[in-house]
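Novice: sequence unknown, structure follows:
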């Protein structure tokens, strides 16, 4: 793998971490807008939201959005457990999305 590809992958991973840090910021914002007794519930809600959406995107979304199309409508590859191949760039791109 060439150096410029490694730098591209590193940049995608850094941006992915920034996006995940945004979720912590939303948690702080929502906790500040609610009463202090409800702040833990807001934090739990945000963790459950990110976890649920991440799993559903892994199962359905990434394959539908970025897989090879059949008939030009929806993707039919890159679904989990289909052994459609992966590389480090595709994994980093998935994490960023």
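Specialist: Structure's in. What do you need? Quantities reported herein were computed from a predicted structural model and do not represent experimental measurements.
Novice: for residue 57, see how far away residue 67 is.
Specialist: Separation of residue 67 from residue 57 (Cβ to Cβ, to the nearest Å): 13 Å. C-beta coordinates here come from the backbone N, C-alpha and C atoms, glycine included.
Novice: kindly report the same for residue 76.
Specialist: Distance of residue 76 to residue 57, computed by Cβ to Cβ: 17 Å.
Novice: same thing with residue 63?
Specialist: With Cβ to Cβ as the criterion, residue 63 and residue 57 are 10 Å apart.
Novice: which of the two has more neighbours?
Specialist: residue 63 (20 against 15; other Cβ atoms under 10 Å).
Novice: chain neighbours aside, what residue packs nearest to the more buried one?
Specialist: residue 79 (3.8 Å; Cβ to Cβ, 6 or more residues apart in numbering).
Novice: quick check: phi and psi on that neighbour?
Specialist: Phi and psi for residue 79, reported as degrees, to the nearest 10, are phi -80, psi 150.
Novice: okay, it: pLDDT?
Specialist: For residue 79, the pLDDT comes out at 87.
Novice: list the helices and strands the longest helix anywhere in the chain packs on?
Specialist: When the chain is parsed with DSSP state H, its longest helix is helix 3-32. When contacts are defined as 3 or more Cβ pairs under 8 Å, 6 or more residues apart in numbering; DSSP states H and E, helix 3-32 packs onto helix 39-56, helix 88-96.
Novice: this completes my enquiry, with thanks.
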